[in-house]
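>>> Fold the following and give me the result.
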Amino acid sequence: MANKHFLLLSVIAAGLAGCRSRSVSPPIKEQGFLPAGEIGSHLPDFSVRDLQGRNLSTSDLRGKVVLIDFWATWCAPCEKEMPGYQILMDRYGSQGLAVVGLKASMMNDTEDPVQFAKRIGIRYPLAVAKEDLNEKFGGIEGLPTTLLYDRAGILRKKVIGFEYTSVFETELVHLLRR
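Here you go, the predicted structure:
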């Protein structure tokens with residue numbers, strides 16, 4: 001009987017874990033290697049076409065503070081977060097902030113991604129993240145997932161789940177001043 005209760009509590013806890021935001025703590029460094037997507041790892045090399053057909057690559061982001069947001073049209077927390085990232089881009093883009101949205105492709109869209117972006121007022125680059133691109137960023141455990149890299153391309157903050165824009169603003173202002 002105790003095993004059944006433990007199993008039930010484990011299942012409930014696992015289900016709730018995807019419903020709230022969590023920052024990822026720094027990993028234990030083993031022989032100087034940090035896996036992709038871990039705090040302290042480097043912005044991976046990638047090249048994609050955005051939803052407008054323009055090329056976007058890591059080289060376009062060098063020397064900038066970079067906010068990467070993994071999102072989907074069916075993700076209500078993503079829809080709530082993204083306009084805040086546009087505000088950050090409008091406010092700090094001239095100081096060296098770049099915001100890139102990478103659309104998760106694990107489920108079908110609930111609306112056309114370009115129309116979705118227009119409807120919620122997003123003008124920063126958006127591209128589709130296929131499985132190989134997801135893996136370059138360490139894999140995606142949940143949506144939204146937001147990664148904040150400093151000007152040297154080092155991952156400084158990672159949040160899985162919804163987070164208020166003000167939390168990222170505090171972090172990125174510090175990184176922009178470095």
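>>> Run through who's touching stretch 170-178.
Counting contacts by C-beta atoms under 8 Å, 6 or more residues apart in numbering, the residues outside stretch 170-178 that touch it are 65, 67, 88, 92, 95-97, 148, 150-151, 156-157. For the C-beta atoms, the positions are set from N, CA and C on the backbone; glycine is no exception.
>>> For residue 50, state which of the residues you listed is nearest.
In terms of C-beta to C-beta, no member of these lies closer to residue 50 than residue 67, at 15.4 Å.
>>> Hmm, the closest one is touching residue 96, no?
No: with contacts defined as C-beta atoms under 8 Å, residue 67 does not count as touching residue 96, sitting 11.6 Å away.
>>> Please report the distance of the spatially closest residue to residue 125 that is not a sequence neighbour from residue 94.
Take residue 125 and drop its neighbours on the chain: the residue closest to it by C-beta to C-beta, 6 or more residues apart in numbering is residue 50, 4.5 Å away. The span separating residue 50 from residue 94 equals 20 Å under the rule C-beta to C-beta, to the nearest Å.
>>> More neighbours: which of these two?
Set side by side, residue 50 and residue 94 show unequal neighbour counts under other C-beta atoms under 10 Å, the larger going to residue 50 at 17 against 8.
>>> Could you list the low-pLDDT ranges of this structure?
For the chain, applying pLDDT under 70 flags the ranges 1-32.
>>> quick one, helices of it?
Using DSSP state H, the helices of the chain run over 2-17, 76-92, 113-120, 131-136, 165-176.
>>> Would you mind getting the angle between the last one and helix 76-92?
Angle between the axes of helix 165-176 and helix 76-92 is 40 degrees (criterion: axes from the mean of the first three to the mean of the last three C-alpha atoms, to 10 degrees).
>>> Look at the nearest residue to residue 68 once chain neighbours are set aside and say how many residues are nearby.
Across the structure, with C-beta to C-beta, 6+ apart as the measure, the residue nearest residue 68 apart from its sequence neighbours is residue 147 (4.4 Å). As a burial measure, the neighbour count of residue 147 was computed by other C-beta under 10 Å and equals 24.
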